[in-house]
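**Q** with the input below, show me the fold.
(chains A and B)
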2 protein chains.
Amino acid sequence: MEWERITGGLCAVKGVRAYGIKEGNNGLALIEGRGKAVGMFTTNKIKAAPVRFTKSQLEAGEGIISAIIANSGCANSFTGENGMRNAEKMAELASSSLGVDKKEVAVASTGPIGRQMDMELIERQLGEVVKRLTSDEMGSMTAAKAIMTTDTFHKERAIRIGADDKERVIIGGIAKGSGMIFPHLCLSSATMLSFIYTDASLDDETLKRCLEDAVDNSFNMVVVDGDMSTNDMVLLVSTGGGGEISEGEFKNGLNFVCKELAKLIATDGEGATKLIEVRAKGAASVEDAREIAKAIVRSPLVKSAVFGERIDLTCGRIIATIGSYTTSGDVDPDSISISIKGEGQRAVLVAKKGKFVDLSGATRDIMKGKEIFIDVDMGMGEREATAWGCDLSYDYVKINAG
Amino acid sequence: MEWERITGGLCAVKGVRAYGIKEGNNGLALIEGRGKAVGMFTTNKIKAAPVRFTKSQLEAGEGIISAIIANSGCANSFTGENGMRNAEKMAELASSSLGVDKKEVAVASTGPIGRQMDMELIERQLGEVVKRLTSDEMGSMTAAKAIMTTDTFHKERAIRIGADDKERVIIGGIAKGSGMIFPHLCLSSATMLSFIYTDASLDDETLKRCLEDAVDNSFNMVVVDGDMSTNDMVLLVSTGGGGEISEGEFKNGLNFVCKELAKLIATDGEGATKLIEVRAKGAASVEDAREIAKAIVRSPLVKSAVFGERIDLTCGRIIATIGSYTTSGDVDPDSISISIKGEGQRAVLVAKKGKFVDLSGATRDIMKGKEIFIDVDMGMGEREATAWGCDLSYDYVKINAG
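**A** As a prediction, the model looks like this:
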């Protein structure tokens, strides 16, 4: 089954209304749409209050979500009992303004750690947002903008799967994330936030399997800085009412949407001038492939060399990175081949079975583009994985040195 | 037993001669001194030829080393069979010019990965170095300078343990390292290089135990960028002839010398403007304490905040880092306390048992100094560990973007 990109973000799904506002660093987004929900949350041992609150909401209730309230400007993390009360209060406020069950409200936050929420601000902003809730594409766009922190653009994607009405399914989502990006989410327990809606009618277990697979291949393969947030969260809400779809077809579609959103996060990494996509293939196991690909996009030395458009420096650093991180199995340096391709350029073979190719003729042009593709063939097996990251620029330091 | 810092680096040990020269990026150091040797090598799965060669030299022979030949400007890593032949050739050249057994020569290299050695250059430089070998402090200093790459100063330390001649033991060493610093060395299997000599008469097993303990508490606790080199190596050579010393006393002295050299590497981290020392205490296990301390000094967000002298941003990022990396055991956010102290300043309590202290009155002065001490009390147990790193500056990006 084919899919087609459509506009509208999460509002592309029928019955979903949203809106968001942002005043300075403080934003508030509200999304309304009832359906079965599954979530994945940060595995950081220190979890922000909204993460703990929303996890317990999903576990305690019927797994039904009617609304998501999410703020930027304060992470509500490392805030003790008061923080938990404020997360609950956010759910209460959303519940009463929308007339939905408090048990069916999810809460998410992003921003600096260690500060208490300004609940008066949240209440005032919520009042404005509720009045403007809309099912047109402005709803999704303003919600996506409201949860931005150091993001430079808002992130949304939607697809329509299936040709005719009978099998038509929509998946639409928004995401935010720019710094402190090294999500490692799991079902039972990611500051990237992503809220995805679909009208596919699938049971909880199928939704969980599909989300876990999609997140493992997308958000969990993005590294901006290697710092894992206490607030990462991905929620998938299925409103039902869509056409018939197989688990496999839905999984493919959800994978596409999540990968697109994940790539937008990597592209918008703090200070980033280039998106780096690394495919590690020929690995003995998927775990090895994942570790190798992530280690390369995480390496400050590789990231700096890509920023400097130095193909020669990039190669050697990739080699060191491969060896440091492989989890199981051995690495045979003599079987490693590497090629690098800049956007709109031909791929350049830089290492062939353990030997560097003479790059004295290579120019900086190869790495001039906005997207750099690194392809590593371990020559050890059949497994592969792809990771996304960005270069390390002066602006990353500037942004984070405050 | 007390010890005293003395001058002379590794030439402080009687019978040790050294010299080094550097021409542009290409340096060669030669150290002569016969004794029992133990070594620790990088655990990177891709090991440079000199690492594999020197490991096999120590394993095959009687564990005796008569000379160390070390070059900078070429890592001789990812260089295939030709690389191994060149590492062996370096040992042969040192062997014939000094008239020592080839089996007793250790080889080390540091520099860019993937290039073949220029053996003509090595041969010519060796000819000059051999003529100038000396046991005075110029020997140690020139050798330490010859192995520098992006280092901005040479690194050496020596101590004398014991008051009278009968119990007098000398430990002296040199080190290099500035970038690609995330050593993880082990006995059976780090591009920091360190060569340490002592006249202590201890057996192989005792030397191994002491080196492993000292490296685990020093070089293995230094993170500049989190990139592990294919070339890291620490060699300890005991020439004998010194006074009587217990294993405990020697271990303490060796720990001191290794920690001093490790701190010099962190201080000289690429682009570094500040040394960061993190002590994680109150941990449930030493492993937890090590992981937490290293995770904090590795975090690009913490490093950038320290560069920006922003105590407020530093705190929240420390929290996220603690939660991401703890290996075993749980973390209770409400039991965490953190204090930060700048060089020459009073320590400032920034978080007390799960709550941030109001820092609105805190000024940037706290973090103005060249050394920043971060003290994290997990409130979970009695174990502790200390790690060293440096801030992330514009110059790190500049140096590594080529």
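**Q** quick one, longest helix in chain A?
**A** When chain A is parsed with DSSP state H, its longest helix is helix A:247-267.
**Q** so which bits of that helix are buried?
**A** Buried residues in helix A:247-267, counted by 16 or more other C-beta atoms under 10 Å in any protein chain shown: A:247, A:249-267. Quick note: C-beta positions are derived from backbone N, CA and C, even for glycine.
**Q** and chain B, which of those reach it?
**A** Applying C-beta under 8 Å from any C-beta of the partner chain, the subset of the buried residues of helix A:247-267 adjacent to chain B is empty.
**Q** contact partners for the residue in the stretch 101-250 of chain A that chain B sits nearest to?
**A** Closest to chain B within the stretch 101-250 of chain A is A:Ile113: 3.2 Å, counting by C-beta to the nearest C-beta. Shown in contact with A:Ile113 (C-beta atoms under 8 Å, 6 or more residues apart in numbering or on different chains): A:48, A:75, A:77-78, A:230, B:315-317, B:319-320.
**Q** what's the following helix or strand after the longest helix of chain A?
**A** strand A:275-283 (DSSP states H and E).
**Q** so what are the domain limits for chain A?
**A** Here the domain assignment for chain A is A:3-264, A:275-400, based on automatic domain parsing.
**Q** between the two ends of the last one, how far is it?
**A** Just to be clear, that refers to domain A:275-400. The first residue of domain A:275-400 is 19 Å away from its last residue (C-alpha to C-alpha, to the nearest Å).
**Q** and for the first one?
**A** Between the opening and closing residues of domain A:3-264 lies a distance of 19 Å (C-alpha to C-alpha).
**Q** quick one: is stretch A:96-110 near chain B?
**A** No: for stretch A:96-110 and chain B, the contact criterion (C-beta under 8 Å from any C-beta) is not met; the two come no nearer than 12.0 Å.
**Q** any idea how far that stretch is from the chain center?
**A** 22 Å (C-alpha atoms, centre = their mean, to the nearest Å).
**Q** only C-alpha atoms, please: export it in PDB.
**A** Only the C-alpha atoms of stretch A:96-110 are listed here, as PDB (Å, rounded to 0.1, in the frame of the first residue of the first chain):
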ATOM      1  CA  SER A  96     -12.500  21.400  33.400                       C
ATOM      2  CA  SER A  97     -12.100  23.700  30.400                       C
ATOM      3  CA  LEU A  98     -12.800  21.000  27.900                       C
ATOM      4  CA  GLY A  99     -15.300  19.000  30.000                       C
ATOM      5  CA  VAL A 100     -13.400  15.800  29.700                       C
ATOM      6  CA  ASP A 101     -12.500  13.200  32.300                       C
ATOM      7  CA  LYS A 102      -9.300  14.300  34.300                       C
ATOM      8  CA  LYS A 103      -8.100  10.700  34.000                       C
ATOM      9  CA  GLU A 104      -8.000  11.100  30.200                       C
ATOM     10  CA  VAL A 105      -5.600  14.000  30.100                       C
ATOM     11  CA  ALA A 106      -1.900  13.700  29.300                       C
ATOM     12  CA  VAL A 107       0.600  16.300  30.500                       C
ATOM     13  CA  ALA A 108       4.000  17.100  28.900                       C
ATOM     14  CA  SER A 109       6.600  19.800  29.700                       C
ATOM     15  CA  THR A 110       9.900  21.000  28.200                       C
END
